[in-house]
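Enquirer: A predicted structure for the sequence below; I have some questions about it.
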Amino acid sequence: MLDTVRTYLDNNKDRFVDELVELLKIASVSADPKYKAEVFKTADEIKARLTEAGADNVEVCPTKGFPIVYGEKLVSSDLPTVLVYGHYDVQPPDPMDLWDSPPFEPVVKDGKIYARGACDDKGQMYMHVKAFEIMMQTDNLPCNVKFMIEGEEEVGSDNLGDFVKANKEKLAADVVLISDTSMIANDVPSITVGLRGLSYLEVEVTGPNRDLHSGIYGGAVANPINILCEMIASLQDENGHITIPGFYDKVEELSDELRAEMAKAPFDINEYKKHLDIDDVYGETGYSSMERTSIRPTLDVNGIWGGYIGEGAKTVIASKAYAKISMRLVPHQKSDEITQLFSDHFKRIAPKSVKVKVTPHHGGEPVVTPTDFPGYIAASKAMEDTFNKKPIPVRTGGSIPIVALFEEVLGLKTILMGFGLDSDAIHSPNEHYGLFNYYKGIETIPLFYKYFADEMKKQGGD
(Lines give C-alpha, C1' and ligand atoms only; values in the text may rest on other atoms or scores of the structure.)
Protein backbone atom coordinates (compact mmCIF):
# COMPACT_ATOMS: atom_id res chain seq x y z
CA MET A 1 0.00 0.00 0.00
CA LEU A 2 2.81 2.42 0.87
CA ASP A 3 4.34 2.23 -2.61
CA THR A 4 0.95 2.98 -4.19
CA VAL A 5 0.39 5.94 -1.87
CA ARG A 6 3.86 7.34 -2.55
CA THR A 7 3.46 7.04 -6.31
CA TYR A 8 0.15 8.93 -6.29
CA LEU A 9 1.57 11.53 -3.94
CA ASP A 10 4.69 12.04 -6.07
CA ASN A 11 2.52 12.58 -9.14
CA ASN A 12 0.29 15.14 -7.41
CA LYS A 13 2.57 16.99 -4.96
CA ASP A 14 2.42 20.35 -6.71
CA ARG A 15 -1.37 20.24 -7.00
CA PHE A 16 -1.73 19.33 -3.33
CA VAL A 17 0.35 22.37 -2.37
CA ASP A 18 -1.50 24.67 -4.78
CA GLU A 19 -4.84 23.60 -3.32
CA LEU A 20 -3.65 24.28 0.23
CA VAL A 21 -2.33 27.69 -0.81
CA GLU A 22 -5.75 28.62 -2.19
CA LEU A 23 -7.39 27.52 1.07
CA LEU A 24 -4.93 29.59 3.10
CA LYS A 25 -5.80 32.72 1.14
CA ILE A 26 -9.24 32.77 2.78
CA ALA A 27 -9.05 34.73 6.07
CA SER A 28 -11.22 32.44 8.21
CA VAL A 29 -10.61 34.24 11.53
CA SER A 30 -13.43 33.10 13.82
CA ALA A 31 -12.62 35.53 16.65
CA ASP A 32 -13.13 38.73 14.65
CA PRO A 33 -16.61 39.57 13.27
CA LYS A 34 -15.14 41.44 10.32
CA TYR A 35 -14.00 38.08 8.88
CA LYS A 36 -17.44 36.45 9.21
CA ALA A 37 -18.04 36.14 5.47
CA GLU A 38 -14.60 34.61 5.00
CA VAL A 39 -15.30 31.92 7.59
CA PHE A 40 -18.52 30.91 5.84
CA LYS A 41 -16.70 30.97 2.50
CA THR A 42 -14.11 28.55 3.88
CA ALA A 43 -16.82 26.12 4.98
CA ASP A 44 -18.20 26.09 1.45
CA GLU A 45 -14.71 25.52 0.09
CA ILE A 46 -14.12 22.56 2.42
CA LYS A 47 -17.43 21.08 1.27
CA ALA A 48 -16.30 21.35 -2.34
CA ARG A 49 -12.90 19.78 -1.62
CA LEU A 50 -14.43 16.83 0.26
CA THR A 51 -16.90 16.24 -2.55
CA GLU A 52 -14.14 16.30 -5.16
CA ALA A 53 -12.11 13.83 -3.08
CA GLY A 54 -14.98 11.34 -3.19
CA ALA A 55 -16.96 11.86 0.00
CA ASP A 56 -20.72 11.30 0.03
CA ASN A 57 -23.50 13.26 1.74
CA VAL A 58 -21.25 16.29 2.19
CA GLU A 59 -23.08 19.16 3.85
CA VAL A 60 -22.47 22.46 5.58
CA CYS A 61 -24.32 22.04 8.87
CA PRO A 62 -25.47 25.30 10.49
CA THR A 63 -24.95 26.01 14.18
CA LYS A 64 -25.65 29.05 16.33
CA GLY A 65 -22.21 30.24 15.24
CA PHE A 66 -20.08 29.07 12.35
CA PRO A 67 -21.01 25.89 10.47
CA ILE A 68 -19.60 22.38 10.68
CA VAL A 69 -18.75 20.59 7.45
CA TYR A 70 -19.72 16.91 7.44
CA GLY A 71 -19.00 14.22 4.85
CA GLU A 72 -18.68 10.46 4.79
CA LYS A 73 -17.74 7.39 2.81
CA LEU A 74 -19.39 4.25 4.14
CA VAL A 75 -17.82 1.27 2.44
CA SER A 76 -19.29 -1.58 4.46
CA SER A 77 -21.01 -2.13 7.79
CA ASP A 78 -18.49 -4.90 8.38
CA LEU A 79 -15.60 -2.43 8.44
CA PRO A 80 -14.55 -0.13 11.30
CA THR A 81 -15.26 3.59 11.06
CA VAL A 82 -12.79 6.45 11.52
CA LEU A 83 -14.17 9.87 12.48
CA VAL A 84 -11.80 12.59 11.28
CA TYR A 85 -11.98 15.88 13.15
CA GLY A 86 -10.31 19.13 12.11
CA HIS A 87 -10.99 22.84 12.04
CA TYR A 88 -10.93 25.41 9.26
CA ASP A 89 -10.93 28.57 11.38
CA VAL A 90 -7.67 30.30 12.25
CA GLN A 91 -6.23 32.63 14.85
CA PRO A 92 -6.23 36.43 14.33
CA PRO A 93 -3.09 37.47 12.41
CA ASP A 94 -2.10 40.29 14.77
CA PRO A 95 0.43 41.82 15.22
CA MET A 96 0.47 42.42 11.48
CA ASP A 97 3.74 44.37 11.42
CA LEU A 98 5.72 41.33 12.58
CA TRP A 99 4.86 39.25 9.53
CA ASP A 100 7.56 38.98 6.86
CA SER A 101 4.81 38.48 4.27
CA PRO A 102 1.05 39.13 4.48
CA PRO A 103 -0.64 36.40 6.57
CA PHE A 104 -3.27 35.61 3.95
CA GLU A 105 -0.96 35.77 0.94
CA PRO A 106 0.78 32.39 1.30
CA VAL A 107 4.45 32.16 0.42
CA VAL A 108 6.32 28.92 -0.26
CA LYS A 109 10.02 29.26 0.53
CA ASP A 110 12.79 27.29 2.21
CA GLY A 111 10.64 24.16 2.07
CA LYS A 112 7.82 25.73 4.10
CA ILE A 113 4.42 27.33 3.49
CA TYR A 114 4.11 30.67 5.34
CA ALA A 115 0.55 31.82 6.12
CA ARG A 116 -1.90 32.06 8.99
CA GLY A 117 -3.40 28.60 9.44
CA ALA A 118 -0.63 26.85 7.50
CA CYS A 119 -0.07 24.40 10.36
CA ASP A 120 -2.97 25.19 12.70
CA ASP A 121 -5.02 23.65 11.33
CA LYS A 122 -5.69 24.03 7.61
CA GLY A 123 -2.47 22.33 6.54
CA GLN A 124 -2.90 19.43 8.94
CA MET A 125 -6.64 19.13 8.34
CA TYR A 126 -6.18 19.15 4.56
CA MET A 127 -3.72 16.25 4.78
CA HIS A 128 -6.71 14.07 5.65
CA VAL A 129 -8.69 15.24 2.63
CA LYS A 130 -5.76 14.45 0.31
CA ALA A 131 -5.02 11.12 2.02
CA PHE A 132 -8.69 10.24 1.54
CA GLU A 133 -8.42 11.20 -2.14
CA ILE A 134 -5.45 8.89 -2.53
CA MET A 135 -7.28 5.97 -0.91
CA MET A 136 -10.31 6.57 -3.10
CA GLN A 137 -8.37 6.96 -6.35
CA THR A 138 -6.22 3.88 -5.72
CA ASP A 139 -9.10 1.76 -4.41
CA ASN A 140 -7.40 1.43 -1.01
CA LEU A 141 -9.98 2.59 1.54
CA PRO A 142 -9.97 -0.13 4.22
CA CYS A 143 -12.34 1.63 6.66
CA ASN A 144 -15.48 3.70 6.63
CA VAL A 145 -14.65 7.36 7.15
CA LYS A 146 -16.60 10.35 8.44
CA PHE A 147 -15.36 13.94 8.38
CA MET A 148 -16.37 16.63 10.85
CA ILE A 149 -14.57 19.91 10.18
CA GLU A 150 -15.61 22.85 12.36
CA GLY A 151 -15.13 26.60 12.26
CA GLU A 152 -15.00 27.60 15.94
CA GLU A 153 -12.05 25.72 17.45
CA GLU A 154 -10.02 28.88 17.93
CA VAL A 155 -12.85 30.46 19.95
CA GLY A 156 -13.65 27.50 22.17
CA SER A 157 -15.87 25.24 19.99
CA ASP A 158 -18.94 26.63 21.74
CA ASN A 159 -21.44 24.96 19.39
CA LEU A 160 -19.65 21.70 18.69
CA GLY A 161 -20.98 20.03 21.84
CA ASP A 162 -24.60 20.62 20.87
CA PHE A 163 -23.91 19.32 17.37
CA VAL A 164 -22.24 16.16 18.64
CA LYS A 165 -24.99 15.47 21.17
CA ALA A 166 -27.67 15.97 18.52
CA ASN A 167 -25.91 13.71 16.00
CA LYS A 168 -24.66 10.74 18.00
CA GLU A 169 -25.87 8.19 15.45
CA LYS A 170 -24.55 10.17 12.51
CA LEU A 171 -21.12 10.44 14.16
CA ALA A 172 -20.98 6.84 15.41
CA ALA A 173 -17.48 5.48 14.85
CA ASP A 174 -14.73 3.36 16.38
CA VAL A 175 -12.05 6.02 16.83
CA VAL A 176 -11.49 9.74 16.34
CA LEU A 177 -8.45 10.80 14.31
CA ILE A 178 -7.06 14.34 14.70
CA SER A 179 -3.99 16.08 13.33
CA ASP A 180 -3.75 19.31 15.31
CA THR A 181 -0.63 18.59 17.36
CA SER A 182 3.11 18.42 16.79
CA MET A 183 5.98 15.94 16.71
CA ILE A 184 9.24 16.18 18.62
CA ALA A 185 11.22 16.63 15.37
CA ASN A 186 11.18 15.56 11.73
CA ASP A 187 13.59 12.75 12.59
CA VAL A 188 11.97 11.98 15.94
CA PRO A 189 8.30 11.10 15.31
CA SER A 190 5.93 11.16 18.26
CA ILE A 191 2.27 10.69 19.07
CA THR A 192 0.49 12.89 21.59
CA VAL A 193 -1.10 10.84 24.37
CA GLY A 194 -1.82 13.63 26.84
CA LEU A 195 -3.27 17.14 26.62
CA ARG A 196 -3.73 19.76 29.29
CA GLY A 197 -7.12 21.26 29.99
CA LEU A 198 -7.91 24.95 29.94
CA SER A 199 -9.67 27.62 31.96
CA TYR A 200 -9.75 30.94 30.11
CA LEU A 201 -11.24 34.11 31.57
CA GLU A 202 -11.16 37.89 31.60
CA VAL A 203 -10.84 40.16 34.62
CA GLU A 204 -11.92 43.77 34.96
CA VAL A 205 -10.81 46.06 37.78
CA THR A 206 -12.71 49.32 38.24
CA GLY A 207 -11.60 52.26 40.36
CA PRO A 208 -13.04 55.79 40.02
CA ASN A 209 -16.09 56.42 37.84
CA ARG A 210 -13.98 58.14 35.17
CA ASP A 211 -10.35 58.67 34.14
CA LEU A 212 -8.71 61.13 36.52
CA HIS A 213 -5.87 63.66 36.30
CA SER A 214 -2.88 61.86 37.83
CA GLY A 215 -1.54 65.08 39.35
CA ILE A 216 -4.73 66.14 41.09
CA TYR A 217 -5.79 62.66 42.24
CA GLY A 218 -2.56 60.64 42.19
CA GLY A 219 -1.76 59.16 45.59
CA ALA A 220 -5.29 59.59 46.92
CA VAL A 221 -7.30 57.31 44.60
CA ALA A 222 -6.52 53.69 43.76
CA ASN A 223 -5.09 53.20 40.29
CA PRO A 224 -6.81 50.11 38.77
CA ILE A 225 -3.81 49.34 36.58
CA ASN A 226 -1.45 49.31 39.58
CA ILE A 227 -3.92 47.24 41.58
CA LEU A 228 -4.43 44.74 38.76
CA CYS A 229 -0.68 44.27 38.36
CA GLU A 230 -0.27 43.67 42.10
CA MET A 231 -3.14 41.17 42.14
CA ILE A 232 -1.78 39.25 39.17
CA ALA A 233 1.73 39.22 40.63
CA SER A 234 0.38 37.65 43.81
CA LEU A 235 -1.07 34.68 41.92
CA GLN A 236 2.35 32.98 41.83
CA ASP A 237 5.07 32.79 44.45
CA GLU A 238 8.84 32.94 44.08
CA ASN A 239 8.94 29.22 43.17
CA GLY A 240 6.46 29.55 40.32
CA HIS A 241 3.79 27.92 42.45
CA ILE A 242 0.20 29.12 41.93
CA THR A 243 -1.19 30.58 45.15
CA ILE A 244 -4.93 30.09 44.58
CA PRO A 245 -6.22 28.02 47.53
CA GLY A 246 -7.25 24.54 46.41
CA PHE A 247 -5.66 24.88 42.96
CA TYR A 248 -3.42 21.82 43.37
CA ASP A 249 -5.84 19.64 45.35
CA LYS A 250 -6.58 17.30 42.43
CA VAL A 251 -3.33 17.59 40.49
CA GLU A 252 -1.98 14.20 39.43
CA GLU A 253 1.53 13.61 40.78
CA LEU A 254 3.44 11.30 38.43
CA SER A 255 5.80 8.66 39.80
CA ASP A 256 9.55 9.07 39.56
CA GLU A 257 9.61 6.08 37.21
CA LEU A 258 7.16 7.66 34.77
CA ARG A 259 8.96 11.00 34.93
CA ALA A 260 12.22 9.19 34.13
CA GLU A 261 10.61 7.55 31.09
CA MET A 262 9.33 10.91 29.86
CA ALA A 263 12.80 12.39 30.26
CA LYS A 264 14.15 9.98 27.65
CA ALA A 265 12.53 12.05 24.89
CA PRO A 266 15.28 14.11 23.20
CA PHE A 267 15.43 17.70 24.42
CA ASP A 268 18.31 20.16 24.13
CA ILE A 269 17.88 22.99 26.65
CA ASN A 270 20.51 25.14 24.93
CA GLU A 271 18.83 24.81 21.53
CA TYR A 272 15.51 25.58 23.21
CA LYS A 273 16.87 28.83 24.65
CA LYS A 274 18.62 29.73 21.42
CA HIS A 275 15.47 29.23 19.37
CA LEU A 276 13.51 31.54 21.67
CA ASP A 277 16.37 34.03 22.09
CA ILE A 278 16.25 33.85 25.89
CA ASP A 279 19.10 33.64 28.38
CA ASP A 280 17.36 31.26 30.74
CA VAL A 281 14.17 29.28 31.21
CA TYR A 282 11.59 29.94 33.90
CA GLY A 283 8.96 27.95 35.74
CA GLU A 284 7.88 25.92 38.72
CA THR A 285 10.77 24.84 40.92
CA GLY A 286 11.52 21.13 40.93
CA TYR A 287 10.40 20.36 37.38
CA SER A 288 12.15 20.27 34.01
CA SER A 289 11.10 22.47 31.10
CA MET A 290 9.45 19.50 29.39
CA GLU A 291 7.53 18.68 32.57
CA ARG A 292 6.48 22.29 33.06
CA THR A 293 4.90 22.27 29.61
CA SER A 294 3.13 18.92 29.88
CA ILE A 295 2.40 17.46 33.32
CA ARG A 296 2.17 20.61 35.44
CA PRO A 297 -0.62 23.23 35.55
CA THR A 298 0.12 26.86 34.73
CA LEU A 299 -1.31 30.37 34.98
CA ASP A 300 -0.46 32.98 32.37
CA VAL A 301 -1.57 36.49 31.48
CA ASN A 302 -2.42 36.50 27.77
CA GLY A 303 -3.19 40.20 27.51
CA ILE A 304 -3.37 43.25 29.77
CA TRP A 305 -4.54 46.78 29.05
CA GLY A 306 -5.95 50.00 30.44
CA GLY A 307 -5.35 53.74 30.48
CA TYR A 308 -3.67 55.69 27.72
CA ILE A 309 -1.40 53.83 25.27
CA GLY A 310 -1.42 56.23 22.33
CA GLU A 311 1.37 58.46 21.05
CA GLY A 312 2.83 61.02 23.43
CA ALA A 313 1.76 61.56 27.03
CA LYS A 314 -1.60 61.72 28.75
CA THR A 315 -1.31 61.79 32.52
CA VAL A 316 -4.38 59.91 33.69
CA ILE A 317 -5.40 57.41 36.32
CA ALA A 318 -7.56 55.02 34.32
CA SER A 319 -11.04 54.16 35.50
CA LYS A 320 -10.61 50.54 34.45
CA ALA A 321 -7.94 47.94 33.80
CA TYR A 322 -8.34 44.55 32.14
CA ALA A 323 -6.50 41.28 31.65
CA LYS A 324 -7.10 37.97 29.93
CA ILE A 325 -5.81 34.98 31.87
CA SER A 326 -5.47 31.32 30.97
CA MET A 327 -4.77 28.35 33.20
CA ARG A 328 -3.59 25.07 31.70
CA LEU A 329 -4.82 22.09 33.69
CA VAL A 330 -3.64 18.51 34.20
CA PRO A 331 -5.52 15.24 34.77
CA HIS A 332 -8.19 15.30 37.50
CA GLN A 333 -8.47 19.10 37.52
CA LYS A 334 -11.88 20.28 36.28
CA SER A 335 -12.09 23.48 34.29
CA ASP A 336 -15.30 24.75 35.90
CA GLU A 337 -13.93 24.08 39.40
CA ILE A 338 -10.67 25.89 38.65
CA THR A 339 -12.54 28.81 37.10
CA GLN A 340 -14.61 29.14 40.26
CA LEU A 341 -11.57 28.87 42.53
CA PHE A 342 -9.85 31.63 40.55
CA SER A 343 -12.92 33.87 40.57
CA ASP A 344 -13.46 33.52 44.31
CA HIS A 345 -9.79 34.12 45.09
CA PHE A 346 -9.37 37.08 42.75
CA LYS A 347 -12.37 38.86 44.24
CA ARG A 348 -11.20 38.04 47.77
CA ILE A 349 -7.74 39.59 47.33
CA ALA A 350 -9.04 42.82 45.78
CA PRO A 351 -8.75 45.91 48.04
CA LYS A 352 -11.94 47.77 48.86
CA SER A 353 -10.76 50.70 46.75
CA VAL A 354 -11.66 48.81 43.54
CA LYS A 355 -14.42 46.59 42.17
CA VAL A 356 -13.59 43.33 40.40
CA LYS A 357 -15.47 41.45 37.72
CA VAL A 358 -14.42 38.01 36.44
CA THR A 359 -15.90 36.77 33.15
CA PRO A 360 -15.27 33.11 32.16
CA HIS A 361 -14.82 32.61 28.42
CA HIS A 362 -14.21 28.94 27.68
CA GLY A 363 -12.58 25.86 29.08
CA GLY A 364 -11.81 22.23 28.44
CA GLU A 365 -10.76 19.12 30.29
CA PRO A 366 -7.34 17.44 30.31
CA VAL A 367 -7.08 14.01 28.71
CA VAL A 368 -4.69 11.05 28.65
CA THR A 369 -5.14 8.36 26.01
CA PRO A 370 -3.92 4.76 26.35
CA THR A 371 -1.13 3.28 24.24
CA ASP A 372 -2.50 -0.25 24.17
CA PHE A 373 -5.71 0.14 22.13
CA PRO A 374 -6.14 -0.40 18.37
CA GLY A 375 -6.04 3.30 17.48
CA TYR A 376 -2.67 3.96 19.06
CA ILE A 377 -1.16 0.71 17.81
CA ALA A 378 -2.28 1.56 14.27
CA ALA A 379 -0.89 5.10 14.45
CA SER A 380 2.43 3.82 15.81
CA LYS A 381 2.79 1.22 13.06
CA ALA A 382 1.88 3.74 10.36
CA MET A 383 4.46 6.29 11.52
CA GLU A 384 7.10 3.62 11.96
CA ASP A 385 6.59 2.61 8.31
CA THR A 386 6.93 6.14 6.92
CA PHE A 387 9.58 7.51 9.29
CA ASN A 388 11.51 4.23 9.65
CA LYS A 389 11.48 4.88 13.38
CA LYS A 390 9.01 3.98 16.10
CA PRO A 391 7.21 7.10 17.40
CA ILE A 392 7.53 8.20 21.01
CA PRO A 393 4.35 8.69 23.07
CA VAL A 394 4.40 12.17 24.61
CA ARG A 395 2.23 14.45 26.69
CA THR A 396 2.02 18.03 25.46
CA GLY A 397 1.01 21.35 26.92
CA GLY A 398 -1.74 22.39 24.53
CA SER A 399 -5.48 21.94 24.94
CA ILE A 400 -8.03 20.44 22.56
CA PRO A 401 -11.20 20.52 24.66
CA ILE A 402 -13.25 18.50 22.20
CA VAL A 403 -11.16 15.35 22.88
CA ALA A 404 -12.83 14.98 26.28
CA LEU A 405 -16.18 15.79 24.66
CA PHE A 406 -15.82 12.95 22.15
CA GLU A 407 -15.08 10.47 24.91
CA GLU A 408 -17.94 11.67 27.10
CA VAL A 409 -20.65 11.90 24.41
CA LEU A 410 -19.57 9.41 21.73
CA GLY A 411 -17.59 7.02 23.93
CA LEU A 412 -14.61 7.28 21.58
CA LYS A 413 -10.89 7.46 22.19
CA THR A 414 -8.94 9.94 20.10
CA ILE A 415 -5.65 9.53 18.25
CA LEU A 416 -3.67 12.76 18.10
CA MET A 417 -1.40 12.08 15.15
CA GLY A 418 0.01 15.51 14.42
CA PHE A 419 2.79 16.34 11.98
CA GLY A 420 3.59 19.93 12.96
CA LEU A 421 6.60 21.15 14.88
CA ASP A 422 6.75 23.39 17.94
CA SER A 423 8.82 25.78 15.83
CA ASP A 424 5.98 26.32 13.32
CA ALA A 425 4.95 29.58 15.06
CA ILE A 426 1.27 28.71 15.35
CA HIS A 427 -0.74 31.59 16.89
CA SER A 428 2.23 33.84 16.09
CA PRO A 429 3.44 35.97 13.18
CA ASN A 430 5.12 34.01 10.36
CA GLU A 431 3.25 30.78 11.05
CA HIS A 432 4.48 28.10 8.67
CA TYR A 433 4.23 24.40 7.85
CA GLY A 434 6.98 22.29 6.33
CA LEU A 435 6.35 20.65 2.97
CA PHE A 436 8.10 17.59 4.40
CA ASN A 437 5.52 17.46 7.18
CA TYR A 438 2.58 18.06 4.85
CA TYR A 439 3.65 15.27 2.50
CA LYS A 440 4.60 12.94 5.34
CA GLY A 441 1.15 13.31 6.87
CA ILE A 442 -0.57 12.54 3.57
CA GLU A 443 1.69 9.51 3.19
CA THR A 444 1.13 8.21 6.72
CA ILE A 445 -2.63 8.63 7.17
CA PRO A 446 -3.66 5.88 4.68
CA LEU A 447 -1.45 3.44 6.58
CA PHE A 448 -3.28 4.33 9.78
CA TYR A 449 -6.52 3.18 8.13
CA LYS A 450 -4.89 -0.06 6.99
CA TYR A 451 -3.45 -0.93 10.38
CA PHE A 452 -6.57 0.19 12.24
CA ALA A 453 -8.69 -2.18 10.14
CA ASP A 454 -6.19 -4.96 10.87
CA GLU A 455 -6.18 -4.28 14.63
CA MET A 456 -9.97 -4.11 14.82
CA LYS A 457 -10.20 -7.38 12.92
CA LYS A 458 -7.82 -8.99 15.42
CA GLN A 459 -9.90 -7.63 18.28
CA GLY A 460 -13.07 -8.97 16.72
CA GLY A 461 -11.53 -12.39 16.39
CA ASP A 462 -10.37 -12.60 20.00
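Expert: The structure has been received and is ready for your questions. Residues are numbered from 1 along each chain as shown.
Enquirer: wait, what's in contact with residue 104?
Expert: Applying Cβ atoms under 8 Å, 6 or more residues apart in numbering to residue 104 gives the contacts 24-27, 93, 115-116. Where C-beta positions appear, they are placed from N, C-alpha and C, glycine not excepted.
Enquirer: my guess is residue 420 contacts residue 120, does it?
Expert: Yes - in this structure, residue 420 is within contact of residue 120 by Cβ atoms under 8 Å, at 7.2 Å.
Enquirer: ok, which stretches of the stretch 101-250 of the chain are helices?
Expert: 122-137, 160-166, 224-233 (DSSP state H, counting those that start in this stretch).
Enquirer: most residues in a single helix of this structure, which one?
Expert: helix 435-461 (DSSP state H).
Enquirer: which other helices and strands contact it?
Expert: Helix 435-461 sits against helix 2-24, strand 81-87, strand 112-114, helix 122-137, strand 175-178, helix 374-387, with contacts defined as 3 or more Cβ pairs under 8 Å, 6 or more residues apart in numbering; DSSP states H and E.
Enquirer: one step back: now list whatever residues contact both of residue 420 and residue 120.
Expert: Common neighbours of residue 420 and residue 120 (Cβ under 8 Å, 6+ apart) are residue 426.
Enquirer: follow-up on the earlier one: how big is the angle separating the longest helix of the chain from helix 2-24?
Expert: 120 degrees (axes from the mean of the first three to the mean of the last three Cα atoms, to 10 degrees).
Enquirer: follow-up on the earlier one: looking at the contacts of residue 104, spot the one nearest residue 133.
Expert: Of all the contacts of residue 104, residue 133 sits closest to residue 24, with 18.3 Å by Cβ to Cβ.
Enquirer: Check the gap between that closest one and residue 385 for me.
Expert: Per Cβ to Cβ, to the nearest Å, residue 24 is found 29 Å from residue 385.
Enquirer: which stretches of this protein have low pLDDT?
Expert: Along the chain, segments meeting pLDDT under 70 span 461-462.
Enquirer: mind giving me the domain split of it?
Expert: Here the domain parsing of the chain from automatic domain parsing is 2-195+366-461, 197-251+297-364.
Enquirer: Out of those, which is closest to residue 268?
Expert: domain 2-195+366-461 (10.2 Å).
Enquirer: residues near the residue nearest to residue 170 when sequence neighbours are not counted, how many?
Expert: Closest residue to residue 170 apart from its sequence neighbours, by Cβ to Cβ, 6 or more residues apart in numbering: residue 70 at 7.4 Å. For residue 70, the count of nearby residues is 22 (other Cβ atoms under 10 Å).
Enquirer: in which helix or strand would I find residue 70?
Expert: strand 68-73 (DSSP states H and E).
Enquirer: Now do the same for residue 389: helix, strand or coil?
Expert: coil (DSSP: H, G, I helix; E, B strand; the rest coil).
Enquirer: Would you mind stating the distance between the closest residue to residue 298 other than its chain neighbours and residue 405?
Expert: Spatially, and ignoring its direct neighbours in sequence, residue 298 is nearest to residue 328 (4.6 Å; Cβ to Cβ, 6+ apart). For residue 328, the distance to residue 405 equals 18 Å [Cβ to Cβ].
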